[in-house]
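> Quick one, structure for this:
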Amino acid sequence: MSVLIKDVIKFSPADKKGIKAGDILTKISGHEITDFLDYQFYTKDSKISVVFERDGKTKAVWIKKGEDEDLGLGFETYLMDKERHCKNKCIFCFIDQNPKGLHESIYFQDDDSRLSFLFGNYITLTNLTERDVEKIIEMHISPVNVSVHTMNKELRVKMMKNKNAGESLSVLYRLAENGIAINTQLVLCPGINDGSELRYSLEKLGELGENLQSIACVPVGVTKHREGLFDMPEYTRETAAEVIDIIDEFGEKFKEKYGTRLVYAADEFYLKSGRALPDGEYYETYCQIENGVGMWTSLKEEFLEEF
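Here you go, the predicted model:
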């Protein structure tokens, strides 16, 4: 694959070697460049070869640069190609529940492993090719954030309406075996993937070992804009409390085995159940705070520190 060079920073290493905007980048140090991760990974050395095309002719140059110095090339998009659209039709998808008439970007469903590494986005693994998996392992792209939802293969297919949703879970084990850190989330739906199914998922996730960094359990969000969508129930005081009990049970088991709680319930479960939220010590490093896990406790602690 080749990538159009949009800009070249003046006096940069690439500029000094005569590379110009409009040239087409094809290889760096013998490796094809398909996206920004390739570009970053293969330009980290202090001496690299760059192959590019201009007016249908192939040119090659050797470039020496500082260890942390960028080549100085700019591309049309940050990723150097388009974001990957989600191929699932999850019964709980929050984007499907948005009202009409909003900005176009609000309705875009991404499922891009590169955004998981660069910006912390969660991916489902169903969009990964074999080359994508090999790249994550080769480049040691870590951590990877994965929307698991359930470890029951058949149930995952039903929940995500994607025939590959179950088999794609095997990627979790490959990543863990190759030292890739993994954060996971389970969007829990009442009577579907909680209860005994939640127990099963936590047991199987626990088998990933030390490279499993965290598990966030968040309740499904339900809006009034669900015309034609799955008839999704909401959590009640009782069912939310049941989820917390299971999470606390497994949290204690994980803490005894791995020295860390690993699994946490989102704040909404405590608010729904009417139970008091745990203190800061419970959340350890607040590793899933952006998923709404421990957010209220952290805010309260920060506020009280000022007085």
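> What is the neighbour count of the residue nearest to residue 92 when sequence neighbours are not counted?
Using CB to CB, 6 or more residues apart in numbering and skipping residues adjacent in sequence, the residue nearest residue 92 is residue 220, 4.5 Å away. Yep, even glycine has a C-beta here, placed from its N, CA and C like the rest. One way to gauge burial is a neighbour count; for residue 220, by other CB atoms under 10 Å, it gives 24.
> Surely residue 220 touches residue 191?
No: look at residue 220 against residue 191 with CB atoms under 8 Å: they stay out of range, at 10.9 Å.
> before we move on, back to that, what's near enough to touch the residue nearest to residue 92?
The neighbourhood of residue 220, defined by CB atoms under 8 Å, 6 or more residues apart in numbering, consists of 92, 187-190, 232, 234-235.
> quick one, strands of the stretch 151-300 of the chain?
Assigned by DSSP state E, counting those that start in this stretch, the strands in the stretch 151-300 of the chain fall at 182-188, 212-219, 263-265.
> winner for burial among the ones you listed?
The highest mean neighbour count among the strands of the stretch 151-300 of the chain belongs to strand 263-265 (a mean of 28), with neighbours defined as mean count of other CB atoms under 10 Å.
> Direction included, what does it pair against?
Strand 263-265 sits in its sheet next to strand 212-219 (parallel), going by DSSP bridges.
> Just give me how far the partner strand sits from the chain centre.
Computed by CA atoms, centre = their mean, to the nearest Å, the chain-centroid distance of strand 212-219 equals 12 Å.
> what's that strand in contact with?
When contacts are defined by CB under 8 Å, 6+ apart, strand 212-219 is touched by residues 143, 176, 181-188, 198, 202, 205-206, 234-235, 240, 243, 247, 262-266, 268-269, 272, 287-288, 291-293.
> before we move on, the earlier item: now which of the contacts of residue 220 would you call buried?
When neighbours are counted using 16 or more other CB atoms under 10 Å, the contacts of residue 220 contain these buried positions: 92, 187-190, 232, 235.
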